[in-house]
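> 3D model of this:
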Amino acid sequence: MGHDWIIDVLTDLKTFAVANDLDALAAKLDDTQLVAEAEIGARAKEMGRGLLGTGAAAGRRDRPAGGRRTT
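Below is the predicted model of the structure:
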């Protein structure tokens, strides 16, 4: 599982913010998600792993932005 759960939490929070017209919060959560992905990715690279495990490639996600994984 690694750290991918935090991306899911941030996505859920952003979805809630958008659904409730909390635009400033949604924008901050979007920024926060980008920072989290960058930091997790950098740390994973140091460890020889991708963001979501050993099979993940840099710059790719296993789901569309803002959505949940389908697998």
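> in the longest helix along the chain, what's buried?
The longest helix of the chain (DSSP state H) is helix 23-47. By 16 or more other CB atoms under 10 Å, the buried positions in helix 23-47 come out as 26, 29-30, 33, 36-37, 40-41, 44. All C-beta spots, glycine's among them, are computed from the backbone N, C-alpha and C.
> which residues touch T32?
Residues in contact with T32 (CB atoms under 8 Å, 6 or more residues apart in numbering) are L10.
> apologies, that question was intended for D23.
D23 touches A17, counting by CB under 8 Å, 6+ apart.
> then L25?
A17.
> tell me how far it lies from A42.
L25 sits at a distance of 26 Å from A42 (criterion: CB to CB, to the nearest Å).
> ok, now I6?
Distance from I6 to A42, by CB to CB: 14 Å.
> L13 now?
From L13 to A42 the distance is 22 Å (CB to CB).
> how close does E46 get to E39?
11 Å.
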